[in-house]
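Asks: when you get a sec, could you give me coordinates for this:
(one chain, ligands or ions: 1)
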Amino acid sequence: MREPVNRDAAVVLFSGGQDSTTCLFWAKKRFAKVYALAFSYGQKHIHEIDIARQIAANAGVEFHVIDARFISALGSSSLTDSSIEMDREQKGNTVPNTFVPGRNMFFISMAAVFARERNVNHLVTGVSQSDFSGYPDCRDSFIKSMNVTLNEAMDWQFVIDTPLMWLTKAETWELADSLGVFDLVRNETLTCYNGIPGDGCGDCPSCRLRKAGLEEYLAKRDRKQ
Ligand code: ZN
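Replies: Numbering: from 1, shown residues only. Coordinates of the predicted model:
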């Protein structure tokens with residue numbers, strides 16, 4: 001017999017970036033036990049894992065790294081292959097080459113197995129449909145479909161929590177602020193595609209999205225004060 005599901009625990013898919021760090025602290029507020037899972041998938045900026053480990057340690061959260069390098073062996077992306085020049089923006093309805101094919105599907109599948117082994121059914125991921133950059137696996141329809149598939153695959157009632165799904169980047173900054181981690185998220189996370197922590201290079205698509213949201217949020221906060 002399996003032990004009953006521990007509904008007071010969650011597994012957070014954690015990269016050490018703005019979104020997943022905000023989700024980590026969101027989860028800490030709601031669950032007594034939080035596991036942070038990072039993935040080594042062949043990303044060029046492998047030190048993002050060290051940054052994630054440090055943030056998790058400071059937050060007092062159990063941290064694990066999963067070897068998922070097969071993802072970059074299977075498919076190509078400018079985030080994993082230095083010979084591919086990074087798309088600066090999405091062109092029309094095409095998927096930019098910063099998209100890593102299958103990444104979120106594999107990550108969520110692996111996190112689900114990890115969770116089930118620990119009698120956990122909550123998975124938390126920082127995907128967002130509002131700022132999805134053309135990535136199909138950040139959309140709500142994908143997450144709902146994946147949730148059904150996982151339940152069918154493992155006979156386990158997973159709940160995929162997506163606290164950022166309908167938030168803009170500015171609202172994600174606001175959420176971090178309301179969780180008391182605005183400075184931590186601003187200074188310690190790594191979102192930049194060029195591997196520079198904090199405010200980053202300021203120029204890659206990820207930095208531009210993050211910066212535009214930050215400026216929008218700061219302007220709103222200033223108006224309130
Ligand atoms: Zn950047």
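
Asks: could you dump the helix or strand bottoming out on mean pLDDT in the chain to PDB, C-alpha only?
Replies: In the chain, no helix or strand scores lower on mean pLDDT, DSSP states H and E than helix 70-74, which sits at a mean of 85. Extracted in PDB, the C-alpha atoms of helix 70-74 (Å, rounded to 0.1, in the frame of the first residue of the first chain):
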ATOM      1  CA  PHE A  70      19.200  14.100 -23.700                       C
ATOM      2  CA  ILE A  71      16.900  17.000 -24.500                       C
ATOM      3  CA  SER A  72      19.600  19.000 -26.300                       C
ATOM      4  CA  ALA A  73      20.900  15.800 -27.900                       C
ATOM      5  CA  LEU A  74      17.500  15.300 -29.500                       C
END
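
Asks: list the buried residues for it?
Replies: Going by neighbour count (16 or more other CB atoms under 10 Å), the buried part of helix 70-74 is 71, 72. Backbone N, C-alpha and C define where each C-beta goes, glycine included.

Asks: so how far is it from its chain's centroid?
Replies: Put simply, helix 70-74 sits 19 Å off its chain's centre (CA atoms, centre = their mean, to the nearest Å).

Asks: contacting residues around the next helix or strand after that helix?
Replies: As assigned by DSSP states H and E, the chain's next helix or strand after helix 70-74 is helix 103-117. If you take CB atoms under 8 Å, 6 or more residues apart in numbering as the criterion, helix 103-117 is touched by 11, 13, 35, 37, 39, 41, 64, 66, 68, 71, 121-123, 125, 127, 135, 137-138, 142-143, 146, 150, 154, 156, 158, 160.

Asks: how about stretch 177-189?
Replies: Contacts of stretch 177-189 (CB under 8 Å, 6+ apart): 16-18, 21-22, 25-26, 29, 51, 54-55, 58, 173, 176, 197-199, 214, 217, 221.

Asks: which of the residues you listed are buried? Put it as a PyMOL command.
Replies: Remark: buried members of the contacts of stretch 177-189, expressed as a PyMOL selection using 16+ other CB under 10 Å:
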select buried, resi 16+17+18+21+22+25+26+51+55+173+176+197+214+217
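
Asks: now narrow the contacts of stretch 177-189 to whatever sits close to the ion.
Replies: By CB under 5 Å from the ion, no member of those lies near the ion.
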